[in-house]
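Visitor: I'll drop the sequence and a predicted model, then ask my questions.
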Amino acid sequence: MTATARKRRGVRPLAALICGALAAGGLAAAGATVLRPQEAHASSHREAPLISGDPQHDNTDVYAFVSPDKPDTTTLIANWIPFEEPAGGPNFSPFAENSQYDIHIDSDGDGQGDLLYRWTFHTKTRNGSTFLYNTGPVTSLDDPDLNVTQTYDIDLLTLHDQRIVSTTELADDLPVAPSNVGKASMPQYGTLREQAVRQVQGGGSAFAGQADDPFFLDLRVFDLLYGGNLSEVGRDTLAGYNVNTIALQVPTASLTQSAQQPIIGIWSTTQRKNAEGAWTQVSRLGSPLVNEVVIPQRDKDRFNASHPWNDADFLPYVTKPELPKLLQAIYKLPAPEEPRNDLVSVFLTGVKGLTQPPHVRPAEMLRLNTSIRPTSSPKRLGVLDGDNAGFPNGRRLTDDVVDIELQAVEGELLGNKNDLGDAVNANDTRFGSTFPYVALPTSGSRGPLAKKDGSGDTNRSALNGGALGSSSSPSGGSPDNTLLIASASAAGAGVLLVGLGLAWWRGRTRRRGAL
């Protein structure tokens, strides 16, 4: 059966005339002002197909280093939610509830976790009748104007052969630093950051909240390796974006097996419940860029769901890496001979004499020798530049891991000296000198602001639709008045056309009735 529409004579021409009149008025009004969409930028930490659609569980980076201002402690940092737009309200970027955010510690080199620090988050909304994240300026974490708040718990799980031996509660109901909405909402955001640093059981400190993304690099590497001619380098693609950070500073002695075995392995994972209600690992991260540029497309999701003690499954991707072959094909840089056992030490076993524990089982994770004291003058290229306190001995916030890994992949450890890099040598924002060290998040107020002194041509306000101030009107009149006049004229023309159309239609109807 086919549906058909009955033709209604008389009405259709009238509707067309009315629509045409309104369209004419609309086009005239559009001539007075043009709406221009904001340019969109896209790129990603999103290293695997499945996790790219689940940013709350997407672990972007892991850092581990001996604390520079407290060298008897070690700082662990993990970040989630890539490419947080600072002005991304009204919901902004909370941690996920009913999920597990974990940092694992391998203290004996067998590829299995011996300690597991687990964060779980809880959300509270004070007033569900407003769309606002905050209902006024927020000056403290317990400010009643902070409408949406989160808290978290930290549990320490002691493991043996991946079975839980004991569980210790390190923290309960600690506050999360909120998203940095903007200067009107959070005029002293630094105060909120300070209030979010809390002490935990066992003599450590904890922080959870928003931070500037500390990873600095030019992600245009994915445009056939920096544009095919190295023209696409030098721009920090992550500048201006935020992440959600968890940070923990604990006595080093609580992490290591003994003073004689000071090397630990570190990686992070995220778990959420599947449709059957069982916990499922959906993200995994140790050393930077492994899943992005070492693991191929077909195994990226499998790697995220895997465990370090099974990393022999991925060994061929390290010993026969794709990246050097691409560099050779595009830039004629000779690829080092395979198998690449030098990269096995960087990514899987640790560097012998520095970060390789005795009886090590090859497994992908950060490895940190906690007996190496921090330096007061860190070098961005870490171990490659003679700074043994830097990557691949753990990872500091200032380590330029992209340049380090590019040079290592091209054979630096084999004697093939090179200076490959992406020309982004430091973060766009300065890091802190004390825990949690990560920089304050970029504010939602960033970017050009309206001038309020009446000078120049940027005196804009939401109260006049963002129209320019009087100084920019070429005839001396107010441009918002021009806009109103143009809009009113267009509307009047539309009404006149509609009126004429109605009169014509009524006259035509009467003539037909007379016939």
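Guide: Arrived safely. Every value quoted in this text rests on a predicted model; they were computed, and no experiment measured them. Numbers count the residues shown, from 1 in each chain.
Visitor: so K300 belongs to a strand, correct?
Guide: No. K300 sits outside any strand when classified using DSSP: H, G, I helix; E, B strand; the rest coil, being helix.
Visitor: wait, it sits on P49?
Guide: Yes. With contact defined as Cβ atoms under 8 Å, K300 reaches P49; the gap is 6.4 Å. Quick note: C-beta positions are derived from backbone N, CA and C, even for glycine.
Visitor: looking at those two, which is more packed in?
Guide: Neighbour count, other Cβ atoms under 10 Å: between K300 and P49, K300 has more, with 17 against 11.
Visitor: could you measure from the closest residue to that one other than its chain neighbours over to E364?
Guide: Leaving aside its chain neighbours, K300 sits nearest to A48 (3.6 Å; criterion: Cβ to Cβ, 6 or more residues apart in numbering). With distances taken as Cβ to Cβ, to the nearest Å, A48 is found 14 Å from E364.
Visitor: so T245: helix, strand or coil?
Guide: Secondary structure state of T245, per three-state DSSP, is strand.
Visitor: ok, the closest residue to it other than its chain neighbours to Q162 distance?
Guide: Leaving out its chain neighbours, the residue that sits closest to T245 by Cβ to Cβ, 6+ apart is A211, at 4.3 Å. For A211, the distance to Q162 (Cβ to Cβ) stands at 31 Å.
Visitor: those two: who's more crowded?
Guide: Neighbours were tallied for A211 and for Q162 using other Cβ under 10 Å; the higher tally belongs to A211 (29 against 11).
Visitor: dump whatever helix or strand that one lives in to PDB, restricted to CA.
Guide: Counting by DSSP states H and E, the element that carries A211 is strand 204-212. Provided in PDB are the C-alpha atoms of strand 204-212 (Å, rounded to 0.1, in the frame of the first residue of the first chain):
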ATOM      1  CA  GLY A 204      51.600  10.300  52.200                       C
ATOM      2  CA  SER A 205      49.700  13.000  50.300                       C
ATOM      3  CA  ALA A 206      47.000  12.700  47.700                       C
ATOM      4  CA  PHE A 207      45.400  14.900  45.100                       C
ATOM      5  CA  ALA A 208      42.500  14.400  42.600                       C
ATOM      6  CA  GLY A 209      41.200  17.000  40.200                       C
ATOM      7  CA  GLN A 210      41.600  18.900  37.000                       C
ATOM      8  CA  ALA A 211      45.000  20.000  35.700                       C
ATOM      9  CA  ASP A 212      46.700  21.400  32.600                       C
END
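Visitor: quote the end-to-end distance of stretch 60-74.
Guide: With Cα to Cα, to the nearest Å as the measure, stretch 60-74 spans 20 Å from end to end.
Visitor: typed the wrong thing, it's stretch 268-284
Guide: Calculated as Cα to Cα, the first-to-last residue distance of stretch 268-284 is 6 Å.
Visitor: can you list the buried residues in that stretch?
Guide: Residues S268, T269, T270, Q271, R272, Q281, V282, S283, R284 are the ones in stretch 268-284 that count as buried (16 or more other Cβ atoms under 10 Å).
Visitor: dump the residues you listed into CSV; add secondary structure, distance to S443 and pLDDT as well.
Guide: Listed next are the buried residues of stretch 268-284 as CSV, based on DSSP: H, G, I helix; E, B strand; the rest coil; distance: Cβ to Cβ, whole Å; pLDDT from 0 to 100:
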residue, secondary structure, distance to S443, pLDDT
S268, strand, 27, 98
T269, strand, 31, 98
T270, strand, 27, 98
Q271, strand, 32, 98
R272, strand, 30, 97
Q281, strand, 34, 97
V282, strand, 30, 96
S283, strand, 28, 96
R284, strand, 32, 96
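Visitor: is it possible to get a markdown table of those residues that adds distance to V401?
Guide: Below are these laid out as a markdown table (distance: Cβ to Cβ, whole Å):
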| residue | distance to V401 |
| --- | --- |
| S268 | 16 |
| T269 | 20 |
| T270 | 21 |
| Q271 | 26 |
| R272 | 28 |
| Q281 | 24 |
| V282 | 23 |
| S283 | 19 |
| R284 | 17 |
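Visitor: and which of these is nearest D58?
Guide: Minimum distance to D58 across those is 5.8 Å, recorded for S283 (Cβ to Cβ).
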